[in-house]
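Participant: Here's a sequence, model it:
(one chain, ligands or ions: 1)
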Amino acid sequence: MKLIKEIKEQKELIQTQGRIIKKRDLGKIFFLELSDFTGSIQVVVEKPELLTKLQDLHPETIISLSALVKKSPSDKPELHAQSLEIISAVEEVPDLELQSKEIKENLDTQLKHRAIGLRHKKNKAIFKVQAKILEAYREFMTNLGCTEIFTPLLLASSSEGGAEIFHVDYFEKQATLAQSAQLYKQIMVGVFDRVFGLSKCFRAELSNTRRHLTEGSQLEFEFGYIEGLETILKHEEAALRHILKKVYKDCQVEMQTLKAQELMVPKETFPTYSFKEACQVLTEKFNIDTLEWDDLSTEAEKLLCQYARETYKSDFIFITHIPKGAFYAFRDDNGIIHNVDLLCKEMEISSGGRRIDDYDQLRMSIMAAGMDPKDFSEYLSIFKFGMPAHGGFGLGLERLTMLICNQDNIRQTTLFPSDPKRVASQQL
Ligand code: AMO
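Facilitator: Numbers count the residues shown, from 1 in each chain. Purely as a prediction, here's the structure:
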């Protein structure tokens, strides 16, 4: 059996198999477009006994065939079927149009039929790019000496604090779904110094927006012996530059299919503004009163991205020292929090920062956040047994894919999205 990309002109019959993605019926002759994961090829079917077999079949049918290879009028190899076997017949029209250039159905309809809809060329392009992002991230982090880890998703209590927690029945007891890998990636810094991973995060947030999911994925990173926040910014920026370079080199066809322009990356380092400086920009340039703010609004994030584009020709901007910090965020003697958000194009795509590495401080911070240190005893214990200065970030995979692929809804860049109205793409 030959893969499609291996098919070249030759005298002998070849055997191949694949999926019919287009069928053109000209009466006494059929033209099929046959595809497998390596590409597609035109098949000419003329023999009457083979035409009968294909008569009532729809695209998506799986066939195997033996054929002669000839040159097509456009100078490409073309198959002339000699015998043909139907492996998996499709006898009805799917609920979504898979052959159209653009996806025609609205998002609700697309998600209703997600399993089939993912076969559309545009969707395939999105998830090819996503796979490339992961490949590049893994490559970058491995080269940095980080060890890849998988952290638990079933937890006894919270990992980020706050109320956005899913509780699950766990036999006679209650467990929660991880909001992030936060505590476990910190624990693993005590083991390997440098770690990274892809982790699921579950957020019980009633946010029906185009950038929120209830089940998301984060590119996680945690690094020991940091010199300060700068170390995190440096590695995050380098990781993103590596990802973009690889995607733009290896996914040119997909980027064209998606009509996605490259994100703007400045020659110099990404512009970096403290929260205070960012608020100044918002007030002076956009006339926004930020006096009572401890965090950026969605609109402010958008405006700062616009500012970065106009001022630095950059789709990326770091905002540091944001007053609203997680309970594990490091605070200096002046009470300034050493954290950072990365904004891209129009929204936050990652959060990170230096972490508290002192047992007593962390215990107090947990209590100040209204939580019980007993629920964090395993995590807290590492700070009694030697922990270096450390920090890291969590970068939303679906948001990054959305911005690279020029999609306007995060559900389009999630295979089976969950949100307040659906679970794994199925409406509740
Ligand atoms: P945070 O909660 O800001 O930080 O999440 C980090 C990044 O994950 C993505 N993200 C989401 N994407 C879609 N839907 C959601 N509901 C959602 N929530 C988060 C975003 C966001 O920027 N532990 C820290 C990270 C760290 O400090 O290392 C954390 O989880 O892109």
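Participant: can you point me to the longest strand in the chain?
Facilitator: In the chain, with assignment by DSSP state E, the single longest strand is strand 10-25.
Participant: Nearest residue to L54 in space, please, no chain neighbours.
Facilitator: Nearest non-adjacent residue to L54, counting by Cβ to Cβ, 6 or more residues apart in numbering: F30, 5.8 Å away. (C-beta placed from N, C-alpha, C; glycine too.)
Participant: Let me know the distance separating the one you found from the ligand.
Facilitator: Note on F30: its distance to the ligand, by Cβ to the nearest ligand atom, to the nearest Å, is 46 Å.
Participant: about what we covered before: buried residues in the longest strand of the chain?
Facilitator: Neighbour counts over strand 10-25 (16 or more other Cβ atoms under 10 Å) mark 14, 16-21, 23 as buried.
Participant: ok and the following helix or strand past that strand relative to strand 10-25, angle-wise?
Facilitator: Next helix or strand after strand 10-25 toward the C-terminus (DSSP states H and E): strand 30-36. Here strand 30-36 runs at an angle of 110 degrees relative to strand 10-25 (axes from the mean of the first three to the mean of the last three Cα atoms, to 10 degrees).
Participant: Alpha carbons of strand 30-36, as CSV, please.
Facilitator: Presented in CSV, the C-alpha positions along strand 30-36 are these (Å, rounded to 0.1, in the frame of the first residue of the first chain):
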residue,chain,number,x,y,z
PHE,A,30,-15.9,10.0,-12.3
PHE,A,31,-13.2,12.2,-10.9
LEU,A,32,-12.4,11.6,-7.3
GLU,A,33,-10.2,13.5,-5.0
LEU,A,34,-8.6,10.9,-2.7
SER,A,35,-6.8,12.0,0.5
ASP,A,36,-4.7,10.6,3.3
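Participant: give me the number of residues near S274?
Facilitator: 15 (other Cβ atoms under 10 Å).
Participant: Surely it and I317 touch.
Facilitator: No - judged on Cβ atoms under 8 Å, S274 makes no contact with I317 at a distance of 11.7 Å.
Participant: Can you check the pLDDT for the residue of the chain positioned farthest from its centre?
Facilitator: Distance from the C-alpha centroid of the chain, by Cα atoms, centre = their mean, peaks at P48 (47.8 Å). Looking at P48, its pLDDT reads 94.
Participant: try P94
Facilitator: Looking at P94, its pLDDT stands at 86.
Participant: contacting residues for it?
Facilitator: Neighbour list for P94: 58, 60, 113, 116 [criterion: Cβ atoms under 8 Å, 6 or more residues apart in numbering].
Participant: Make a PyMOL selection of whichever of the residues you listed turn out to be buried.
Facilitator: To isolate the buried members of the contacts of P94 in PyMOL, using 16+ other Cβ under 10 Å:
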select buried, resi 60
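Participant: The ligand: which of the contacts of P94 is nearest?
Facilitator: H113 (23.0 Å; Cβ to the nearest ligand atom).
Participant: which residues sit in contact with the closest one?
Facilitator: Residues in contact with H113 (Cβ under 8 Å, 6+ apart) are 94-96.
Participant: Among these, which ones lie close to the ligand?
Facilitator: Applying Cβ under 6 Å from any ligand atom to the contacts of H113, one finds that nothing falls near the ligand.
Participant: could I get the residues you listed as JSON lines with secondary structure?
Facilitator: Converted to JSON lines, the contacts of H113 look like this (DSSP: H, G, I helix; E, B strand; the rest coil):
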{"residue": "P94", "secondary structure": "coil"}
{"residue": "D95", "secondary structure": "coil"}
{"residue": "L96", "secondary structure": "coil"}
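Participant: Closest to the ligand out of those?
Facilitator: For these, the closest approach to the ligand (Cβ to the nearest ligand atom) belongs to L96, at 24.9 Å.
Participant: would you say F196 is within a helix?
Facilitator: No - using three-state DSSP, the assignment for F196 is strand, not a helix.
Participant: what sits against it?
Facilitator: 137-138, 141, 146-149, 219-222.
Participant: repeat for E262
Facilitator: The contact partners of E262, taken as Cβ under 8 Å, 6+ apart, are 244, 248, 255.
Participant: Out of these, the closest to the ligand would be?
Facilitator: Closest approach between those and the ligand, by Cβ to the nearest ligand atom: L244, at 16.3 Å.
Participant: confidence score at the closest one?
Facilitator: Looking at L244, its pLDDT is 98.
Participant: hang on, M347 packs against E398?
Facilitator: No - here M347 does not reach E398: they are 11.4 Å apart, not a contact under Cβ under 8 Å.
Participant: Mind checking which of those two has more residues around it?
Facilitator: Neighbours per residue (other Cβ under 10 Å) separate M347 from E398, with E398 holding more: 24 against 19.
Participant: my guess is the more buried one meets N409, correct?
Facilitator: No - when contacts are counted by Cβ under 8 Å, E398 is not listed as touching N409 (10.0 Å).
Participant: Number of residues surrounding Q427?
Facilitator: By other Cβ under 10 Å, the residues close to Q427 number 9.
Participant: Keep only those of the contacts of E262 that are in helices.
Facilitator: Members of the contacts of E262 lying in helices (criterion: DSSP state H): 244, 248, 255.
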